[in-house]
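K.L.:
Take this sequence and fold it.
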Amino acid sequence: MDESVALFTRRLEKLGASTFTEVGDRPPSWLFSGAAEMSPRKVAICSKKSTGASRILLSGHVDTVHEPDSPFRELTIAADKKTALGPGCVDMKGGLVIAVAALEALEACGIPCIWSFIFSTDEETGSYAAERFLREQAKLHDVGLALEPAMADGGLVIERPGSGQFFIEATGNPAHVGRDFKSGVSAIDAISRAIPPISALAAPDEGLIVSVGIIKGGTATNIVPDSAKAWGNMRFSKREQGEAAVRGIQSACKAVAGKATIDVQATLNRPAKPTTDGTMVLANLARAVAEDLGQKLPFGKTGGVCEGNNLQAEGLPTIDTLGVRGGGLHTPQEWIDLSSLVERCQLLAILLSRLSERPFQEWSKN
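P.N.:
Purely as a prediction, here's the structure:
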């Protein structure tokens, strides 16, 4: 990741940008089961001062969900040269490439533009390192443009839910299954009793999802397990729903604990991103650019979350799917439509140019 950040920031520094790099905040210790994942990540911010009318914040992440030692490591271009297969090619190295190229094109054309570009390295695990910097930068800019991949139809996402993580840890009493079974208290039994009522909290038609995704516990089949852990994810359309879900998880665990002890930890790290007036002004401006280029730019919603959630929560109008087209996100079949590199770069460059012509507040009055 450090190498990727260095490649992009060097290109931006050639445009006259200055780079600020700092280690971000550490994520909660309970969030991951592996110690390596708990290490704090770096955040880099490139900024270019100029005479543009709108202060523009671009946001992108260099991390992927693919493990560095997995067999899915290389970018492979198809024989017809229309697509390529590779880890992070669409989510979101392709978006970073077109953004840097768009800024280089503006510089080559002599078009002034005030921008900052924040590169995060932990978006896929919640942006805990980047969150503080995202909040700070949001307050210094007029609009936010994030480079998440486009929807399947090439469209923009204009509404996202919020997201949170939770962790359940049950502690019981170990005992030999054959000799002393009655004195044992199974942590696995306790956590298993808690999962059905927790799962029942989900109300997807009302915008609330609660899902347990990982369970670990026990050491041997002939020992009553004294430890069990579970990790889960929440999605919510309003923060109040997320807060209520956390209380529901705590109540469910307390009700079924029996002789075991169950502790709950939770964080609502991604605020919901509803459609706002500012977002629609920015989205319609992007659509107008697309139409001038002979492209279509439909609007849609998704259950996914990204750093655009964090930016807009600070009051920054943000559109966050200006990246390339492709598919197979988060799988070993991740692919990119290579033609979208040029198309989306053109769209982004002209959007940046138009935002630089007039203050965003004036676009909002149209």
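K.L.:
Quick one: low-confidence residue ranges for the stretch 251-366 of the chain.
P.N.:
366 (pLDDT under 70).
K.L.:
tell me the strands in it, going along the chain?
P.N.:
261-270, 299-301, 318-319, 326-327, 335-337 (DSSP state E, counting those that start in this stretch).
K.L.:
among those, which is nearest Asp205?
P.N.:
strand 299-301 (14.1 Å; C-beta to C-beta). The C-beta positions use only the backbone N, C-alpha and C, and glycine is treated the same way.
K.L.:
Give me the buried positions along that closest one.
P.N.:
Phe299 (16 or more other C-beta atoms under 10 Å).
K.L.:
So what does Arg247 look like in phi/psi?
P.N.:
phi -60, psi -40 (degrees, to the nearest 10).
K.L.:
how near is it to Trp231?
P.N.:
In this structure, Arg247 and Trp231 are 19 Å apart, going by C-beta to C-beta, to the nearest Å.
K.L.:
now do Thr19
P.N.:
Thr19 is 35 Å from Trp231, by C-beta to C-beta.
K.L.:
Likewise for Val5?
P.N.:
Val5 sits 28 Å away from Trp231, going by C-beta to C-beta.
K.L.:
Please apply the same query to Cys113.
P.N.:
42 Å.
K.L.:
The two - which one has more neighbours?
P.N.:
Shown here are Cys113 and Trp231; by other C-beta atoms under 10 Å, Cys113 has more neighbours (23 against 19).
K.L.:
what helix or strand does Gly232 sit in?
P.N.:
Counting by DSSP states H and E, the element that carries Gly232 is strand 227-236.
K.L.:
Which residues belonging to that strand are considered buried?
P.N.:
Here strand 227-236 shows Ser227, Ala228, Lys229, Ala230, Trp231, Gly232, Met234, Arg235, Phe236 as buried, counting by 16+ other C-beta under 10 Å.
K.L.:
quick one: strands adjacent to it?
P.N.:
strand 162-171 (antiparallel), strand 208-217 (antiparallel) (DSSP bridges).
K.L.:
chain center to the last one, what's the gap?
P.N.:
Relative to the mean C-alpha coordinate of its chain, strand 208-217 is positioned 19 Å out (C-alpha atoms, centre = their mean, to the nearest Å).
K.L.:
swap in the first one?
P.N.:
With C-alpha atoms, centre = their mean as the basis, strand 162-171 stands 18 Å off its chain's centre.
K.L.:
Run the angle between that strand and strand 261-270 for me.
P.N.:
170 degrees (axes from the mean of the first three to the mean of the last three C-alpha atoms, to 10 degrees).
K.L.:
next SSE after strand 162-171?
P.N.:
Next in sequence after strand 162-171, counting helices and strands by DSSP H and E, comes strand 175-176.
K.L.:
all helices for this structure, in order.
P.N.:
2-13, 94-109, 131-138, 187-199, 239-256, 277-292, 307-313, 339-357, 360-365 (DSSP state H).
K.L.:
Could you give me the buried positions within the longest one?
P.N.:
By neighbour count, and taking 16+ other C-beta under 10 Å as the criterion, the buried residues in helix 339-357 are 340-341, 343-356.
K.L.:
swap in the fifth one?
P.N.:
Of the residues in helix 239-256, those with enough neighbours to count as buried (16+ other C-beta under 10 Å) are Gln241, Gly242, Ala245, Val246, Gly248, Ile249, Gln250, Ala252, Cys253, Val256.
K.L.:
so which of the residues you listed comes closest to Leu134?
P.N.:
Gly242 (18.8 Å).
K.L.:
quick check: domain ranges of this protein?
P.N.:
2-160+273-365, 162-270 (automatic domain parsing).
K.L.:
Quick one: end-to-end distance for the first one.
P.N.:
It refers to domain 2-160+273-365. Domain 2-160+273-365 has an end-to-end distance of 42 Å (C-alpha to C-alpha, to the nearest Å).
K.L.:
Could you do the shortest one as well?
P.N.:
With C-alpha to C-alpha applied, domain 162-270 spans 5 Å between its terminal residues.
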